[in-house]
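Trainee: build the 3D model from these lines:
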Amino acid sequence: MPGKEGIETIVGVKKSHPDIKIVAISGGGKVGPENHLVLADALGADATLKKPFSIQELLLSLKLVD
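Mentor: Just a heads-up that it's a prediction; the model follows:
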């Protein structure tokens, strides 16, 4: 994402709109997706997905945050 990391975005969105639902998705980069997703979860993401993921996993995540 240009200008901002996903983790920064989660913190900012949750601060200004605490009721919004967030699904964090990561391919991981150099450190692996698990580290990013654990942090995203701790900072308020309602669901997390590690790339690659199936359409079924995406749909399940969206049902969980509904």
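
Trainee: any buried residues in the lowest-mean-pLDDT helix or strand in the chain, and which?
Mentor: Least confident helix or strand of the chain, by mean pLDDT, DSSP states H and E, is helix 33-42 with a mean of 87. Neighbour-count burial for helix 33-42, counted by 16 or more other C-beta atoms under 10 Å, picks out 33, 36-37, 39-40. The C-beta positions use only the backbone N, C-alpha and C, and glycine is treated the same way.

Trainee: where does pLDDT dip in this protein?
Mentor: Across the chain, the ranges flagged by pLDDT under 70 are 1-3, 29-33.

Trainee: in it, which residue is most central in space?
Mentor: A24 (1.1 Å; C-alpha atoms, centre = their mean).

Trainee: am I right that it is in a strand?
Mentor: Yes: with DSSP: H, G, I helix; E, B strand; the rest coil as the criterion, A24 is assigned to a strand.

Trainee: pretty sure it is touching A40, no?
Mentor: Yes: using C-beta atoms under 8 Å, A24 is in contact with A40, at 3.7 Å.

Trainee: find the residues that touch each one of those two.
Mentor: Both A24 and A40 are contacted by 6, 10, 48, under the criterion C-beta atoms under 8 Å, 6 or more residues apart in numbering.

Trainee: redo the residues you listed as a markdown table? Include secondary structure, distance to S54 and neighbour count.
Mentor: A markdown table is the format used below for the shared contacts of A24 and A40 (DSSP: H, G, I helix; E, B strand; the rest coil; distance: C-beta to C-beta, whole Å; neighbours: other C-beta atoms under 10 Å):
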| residue | secondary structure | distance to S54 | neighbour count |
| --- | --- | --- | --- |
| G6 | helix | 21 | 18 |
| I10 | helix | 23 | 19 |
| T48 | strand | 15 | 20 |
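
Trainee: tell me the one among these nearest to S61.
Mentor: T48 (7.8 Å; C-beta to C-beta).

Trainee: from V38, how far off is that closest one?
Mentor: 8 Å (C-beta to C-beta, to the nearest Å).
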